[in-house]
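**Q** Pasting the sequence and the predicted model now:
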Amino acid sequence: QKEVEQNSGPLSVPEGAIASLNCTYSDRGSQSFFWYRQYSGKSPELIMFIYSNGDKEDGRFTAQLNKASQYVSLLIRDSQPSDSATYLCAVNPVRGGYQKVTFGTGTKLQVIP
Amino acid sequence: EAGVTQFPSHSVIEKGQTVTLRCDPISGHDNLYWYRRVMGKEIKFLLHFVKESKQDESGMPNNRFLAERTGGTYSTLKVQPAELEDSGVYFCASQGPSEGYTFGSGTRLTVV
């Protein structure tokens, strides 16, 4: 079993729709969770992080965490073609510390105009 | 604020040769990480520096890889001798007081 699992996609959504990206992790002791966006040929860019169960909203992005189910998701509202990228889920064993994170392989999102 | 700088952006070398990758983190960021992405796989941790000290090098594949961070500023990652399976994209990331990494643009290493 992979430590961080994501569906590789591609996930195709029409412009203006909600894109839902999902991630599961195996280490029940994980404390902090990150979503990075990576455009083709570019470096990953941090979008959001979340520590606590529930939802965290930032603009069109909402991160959702359910530690009991070991599940974290990213919702993108009003999807735009510019959101087309690979979204990487990353998990850290500590909160607020400086430790290595474990990445999933990423989900490729395609927003169709 | 200048970002994380890596060079070269691309390197093609023959098996058995030596390659040195360089990373300049964001000024003042004590934490510097090296990660690698092999084609089709996830980004994997190599090592973590705090200033000039190696905090965690559990991800280094073998002793052909040597990382240094002299003076706690820029870092180098040397692969000697390079093997075919070393091909991939090598990312450097730095971390300051806030959560999350700032990644460099990566070095694409191809060993032929």
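**A** Received, thanks.

**Q** Next, count neighbours for residue A:20.
**A** 15 (other CB atoms under 10 Å in any protein chain shown). Glycine gets a C-beta too; all of them are placed from N, C-alpha and C.

**Q** Spell out which parts of chain A neighbour chain B.
**A** Residues of chain A lying close to chain B (CB under 8 Å from any CB of the partner chain) are A:2, A:4, A:32, A:34, A:42-46, A:49, A:88, A:96, A:98-106.

**Q** Recalculate using a threshold of 7 Å.
**A** A:32, A:34, A:42-44, A:46, A:49, A:98, A:100, A:103-105 (CB under 7 Å from any CB of the partner chain).

**Q** Hmm, which of these is lowest in pLDDT?
**A** Across the residues of chain A next to chain B, the smallest pLDDT goes to residue A:98, namely 75.

**Q** which residues does that one contact?
**A** Residues counted as contacts of residue A:98 (CB atoms under 7 Å, 6 or more residues apart in numbering or on different chains) are B:31, B:50, B:95.

**Q** Separate out the buried members of the residues of chain A next to chain B.
**A** The neighbour-count test (16 or more other CB atoms under 10 Å in any protein chain shown) marks A:32, A:34, A:43-44, A:46, A:49, A:98, A:100, A:103-105 as buried among the residues of chain A next to chain B.

**Q** And the residue nearest the centre of chain B?
**A** residue B:34 (3.7 Å; CA atoms, centre = their mean).

**Q** shaky segments in chain A?
**A** Within chain A, the stretches with pLDDT under 70 are A:96-97.

**Q** Can you pull the residues of chain B lying near chain A?
**A** Counting by CB under 7 Å from any CB, chain B sits next to chain A at B:31, B:33, B:41-43, B:45, B:48, B:50, B:56, B:91, B:95, B:99-101, B:103-106.

**Q** For residue 94, give me phi and psi.
**A** All of this refers to chain A. phi -130, psi 170 (degrees, to the nearest 10).

**Q** what's around it, how many residues?
**A** Neighbours of residue A:94 (other CB under 10 Å): 12.

**Q** Quick check: chain neighbours aside, which residue is closest to it?
**A** residue A:31 (5.3 Å; CB to CB, 6 or more residues apart in numbering or on different chains).

**Q** Pull the contacting residues for that neighbour.
**A** So residue A:31 contacts A:51, A:92-95 (CB under 7 Å, 6+ apart).

**Q** which pair in the residues you listed spans the largest distance?
**A** Within the contacts of residue A:31, two members stand farthest from each other by CB to CB: A:51 and A:93, at 12.4 Å.

**Q** sorry, back to before: using a markdown table, lay out the residues of chain A next to chain B together with secondary structure and distance to residue A:80.
**A** Output for the residues of chain A next to chain B, formatted as a markdown table (DSSP: H, G, I helix; E, B strand; the rest coil; distance: CB to CB, whole Å):
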| residue | secondary structure | distance to residue A:80 |
| --- | --- | --- |
| A:32 | strand | 27 |
| A:34 | strand | 22 |
| A:42 | coil | 17 |
| A:43 | coil | 21 |
| A:44 | coil | 19 |
| A:46 | strand | 19 |
| A:49 | strand | 22 |
| A:98 | coil | 34 |
| A:100 | coil | 32 |
| A:103 | strand | 25 |
| A:104 | coil | 23 |
| A:105 | coil | 24 |
